[in-house]
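In: Just the structure for this:
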Amino acid sequence: MLPESLKNILLNLHPLEPEVLNEIAIRLKLMELKKKELLLRQKQVYTDVYFIEKGFLRSFYEEGENEVTTWFMKEHDFIISVKSFFDQQASHESIEAIEDCVMYYISYEDLMHLYEKYHSFTFVGLMLTQHYYKQSEDRLFNLRKKDAFERYQYLLETYPEIALRCPLKHIASYLGITLETLSRIRGRKI
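Out: Coordinates of the predicted model:
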């Protein structure tokens, strides 16, 4: 089954023939994930790419006894651990559900098959890659070039749903600050 939200996203990126959409629907699988359940564990190979129909997740890695949050994903986002997925190597990060999730996924092999068979779908993949690469560059620039207050302000302005749906400890970890520092920043009122 091809959910309407995913179909609309794909078609807004590039026109796709009905046969492409039908084959995606055949290869797509449904998955439900409960809050606090891991989608991926660090050191596992990432064999699938996911589309979030409903829910909220975070990616993180372990540094000693601490978890360092690297990003958040929500409805209509795609989840992929890029290096692990494309190189079929162990992942450097884990992915955890912050809320109950409903997702659709497709395997590496099925995705490569679709890319080889349908050039229009390959273009969709290119557009998605560009979108997420630009988003990643913006996030990295924000984390490296701005102070803690500016990083938090950017997060609120650009991704307001994170502040509404995510525990503060994960936001503090993502921003590279302590929970106490985040509390002081939040007290400043932007």
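
In: same for the longest helix seen in the chain, what does it pack against?
Out: Using DSSP state H, we find that the single longest helix of the chain is helix 119-145. Where contact means 3 or more CB pairs under 8 Å, 6 or more residues apart in numbering; DSSP states H and E, helix 119-145 is packed against helix 4-13, helix 18-27, helix 108-117, helix 148-158. (C-beta placed from N, C-alpha, C; glycine too.)

In: With mean pLDDT and distance to Asp48 as added columns, please give those in JSON lines.
Out: As requested, these are exported to JSON lines (pLDDT from 0 to 100; distance: least, CB to CB, whole Å):
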{"stretch": "helix 4-13", "mean pLDDT": "96", "distance to Asp48": "14"}
{"stretch": "helix 18-27", "mean pLDDT": "97", "distance to Asp48": "11"}
{"stretch": "helix 108-117", "mean pLDDT": "96", "distance to Asp48": "7"}
{"stretch": "helix 148-158", "mean pLDDT": "91", "distance to Asp48": "28"}
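
In: right, and those - which one's nearest Tyr61?
Out: Ranking the helices and strands packed on helix 119-145 by proximity to Tyr61 (CB to CB) places helix 148-158 first, at 18.7 Å.

In: Pull out the buried residues from stretch 136-143.
Out: Buried residues in stretch 136-143, counted by 16 or more other CB atoms under 10 Å: 139, 142.

In: Only alpha carbons, please: show it as PDB.
Out: Backbone C-alpha positions of stretch 136-143 (Å, rounded to 0.1, in the frame of the first residue of the first chain) are rendered in PDB as follows:
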ATOM      1  CA  SER A 136      22.100  18.700   7.200                       C
ATOM      2  CA  GLU A 137      24.500  21.500   6.100                       C
ATOM      3  CA  ASP A 138      22.300  24.100   7.700                       C
ATOM      4  CA  ARG A 139      22.100  22.200  11.000                       C
ATOM      5  CA  LEU A 140      25.900  21.700  11.000                       C
ATOM      6  CA  PHE A 141      26.600  25.400  10.400                       C
ATOM      7  CA  ASN A 142      24.100  26.300  13.100                       C
ATOM      8  CA  LEU A 143      25.800  24.000  15.600                       C
END
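
In: No further queries at this time; thank you.
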